[in-house]
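**Q** next input, structure requested:
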Amino acid sequence: MNDLRVRQAMQMAVDMELIRDKVMRGKSRNAGTLVAPSIPGYSKALDVPVAYDPEKARALLAEAGFAEGFEFDFVCTNESYVNEEQFCQAIASMWSRIGLTPKLDIGPTAKQTPKRANGKADVYTIGWATLPMLDTYSILVQMLHSKDGNSGVFNWGDWSYPELDKLTQSAAVELDRDTRLQMETDALKIARDEIIMMPMHQQPMAWAVSKGFSDFPQFPDNKPRMWYVTK
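**A** Numbering: from 1, shown residues only. Now for the predicted structure:
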């Protein structure tokens, strides 16, 4: 998977529209970039999901020397995200159709996180609920930056892209907001072009609230903040 063509093939093999319509029942929002529209640093130009193209995916695998495919572990949890078990099963099936052999490993978060964090998972699912006031720097420094001190804590694949690191570090000390956000957008473009992580979707959040409340705001991390609630 160090070959970009393999990562491109794996991304093209996943039909996110089908997953949205059938698995997520039309409630998810397919993503082309790693942050949602409400997050500063987001770019609409980057937010274009890669088109489903299994034929091209097979051609890319063959070009990379993997015409017969290969086997790998695909680690998912069964309670972290909405319908995660179902969409992991769907993705594994789609990868199988281009000749790959994913070994689907589904279990509780407490069991799966050590595998992901300790490099025991070839491919895994993960979500990141960046709050708007933290902007894109949050996911850049925590997940996409190389492992270095307090950076890259969630970089469980141990990848390293020096130009992305440089942009992230520069954004951390940049006081001009527009310049800072452009640095973050540029870093997201590297992440998209290199498919460091494959964007999937923003999942739906379903809450049931009594009619006795006039406003019960929802937040990206899906945590209730009762001090904002009004009757």
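**Q** which regions of this structure lie under the pLDDT threshold?
**A** For the chain, the stretches flagged by pLDDT under 70 are 132.
**Q** show me where it has its strands.
**A** Using DSSP state E, the strands of the chain run over 29-30, 71-77, 101-107, 123-124, 201-202.
**Q** output those as JSON lines; include the columns distance to residue 172.
**A** For the C-beta atoms, the positions are set from N, CA and C on the backbone; glycine is no exception. Shown next, in JSON lines, are the strands of the chain (distance: least, Cβ to Cβ, whole Å):
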{"stretch": "strand 29-30", "distance to residue 172": "29"}
{"stretch": "strand 71-77", "distance to residue 172": "31"}
{"stretch": "strand 101-107", "distance to residue 172": "36"}
{"stretch": "strand 123-124", "distance to residue 172": "27"}
{"stretch": "strand 201-202", "distance to residue 172": "26"}
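**Q** out of those, which comes closest to residue 52?
**A** Distances from residue 52 to each of the strands of the chain were compared by Cβ to Cβ, and the smallest falls on strand 29-30, at 10.7 Å.
**Q** run the chain-centre distance for that closest one.
**A** Centroid separation between strand 29-30 and its chain, computed with Cα atoms, centre = their mean, to the nearest Å, is 12 Å.
**Q** each with direction, which strands does it pair with?
**A** For strand 29-30, the pairing partners within the sheet under DSSP bridges are strand 201-202 (antiparallel).
**Q** in space, not sequence, find me the middle residue of the chain.
**A** residue 199 (4.2 Å; Cα atoms, centre = their mean).
**Q** the closest residue to residue 162 other than its chain neighbours: what's it in contact with?
**A** Nearest in space to residue 162, with sequence neighbours left out and distances taken as Cβ to Cβ, 6 or more residues apart in numbering, is residue 146 at 7.7 Å. When contacts are counted by Cβ atoms under 8 Å, 6 or more residues apart in numbering, residue 146 touches 152, 155, 159, 160, 161, 162, 165.
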